[in-house]
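**Student:** Have a look; sequence and predicted model below, questions after that.
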Amino acid sequence: MAQFTKRAIVESFIRLLNEKPLDKITVKEIVDDCGINRNTFYYHFEDIRALLTFVIDAEVERVITKHESVASLEEGFIAAANFALSNKKAVYHIYNSVSREELERYLNSIAEDVMHSMVEGIEESKDVELEDRELIIHFYKSGLVGMATSWIGEGMKAEPERLIRRMGSLLEGSVSEALKRGLKRKI
């Protein structure tokens, strides 16, 4: 029953977030929308910011769990982009709010996990110093997050699947090359 109630709160929140800016949503509106009382809301969430964090963390977990293999990294980014497109107004309301850092945290979590999986999946990475591996992960993660943030800021007009596949094609092999350079630097 608790999971059902929590899911109802989340669904109401997302529905409201697709209608209005984040800072205009109240706990009262959420509880009225899903037919519960305030105490029930506060049993599950400390406040709306905690609810937003829960929603974002759940989406990060869903994308990462579904796309764990290196072969499906592009699919993970496409899934995240499709979530953004299907909740376009909600994403804009978060992007344009004081909670924009939550959206950036979401993007950073996915990009870091993807890049970590990619780097660790390359055989040469085991022989490269940890500091260099982390630098490579951070560099590519920052680029991916920057692109995603720009895409959102520009109105999510470019087709994400095409953009992600082009980017994957252009960057193919560059992570391996960076690791090889790190290996040479070590020698």
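**Tutor:** Now that the structure is in, tell me what you want to look at.
**Student:** for this structure, what's the longest helix?
**Tutor:** helix 130-153 (DSSP state H).
**Student:** buried stuff in that one?
**Tutor:** Going by neighbour count (16 or more other Cβ atoms under 10 Å), the buried part of helix 130-153 is 132-133, 136-137, 140-141, 144-145, 147-148, 151-152. Using the backbone N, CA and C atoms, a C-beta is placed for each residue, glycine as well.
**Student:** Point out the other helices and strands that that helix packs with.
**Tutor:** Contacts defined by 3 or more Cβ pairs under 8 Å, 6 or more residues apart in numbering; DSSP states H and E place helix 130-153 against helix 73-86, helix 88-95, helix 100-120, helix 160-171, helix 174-186.
**Student:** In TSV: those helices, plus mean pLDDT.
**Tutor:** Formatted as TSV, those follow (pLDDT from 0 to 100):
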stretch	mean pLDDT
helix 73-86	78
helix 88-95	84
helix 100-120	82
helix 160-171	81
helix 174-186	76
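**Student:** Quick one, which of those gets closest to residue 35.
**Tutor:** Among the helices and strands packed on helix 130-153, the nearest to residue 35 by Cβ to Cβ is helix 88-95 (21.0 Å).
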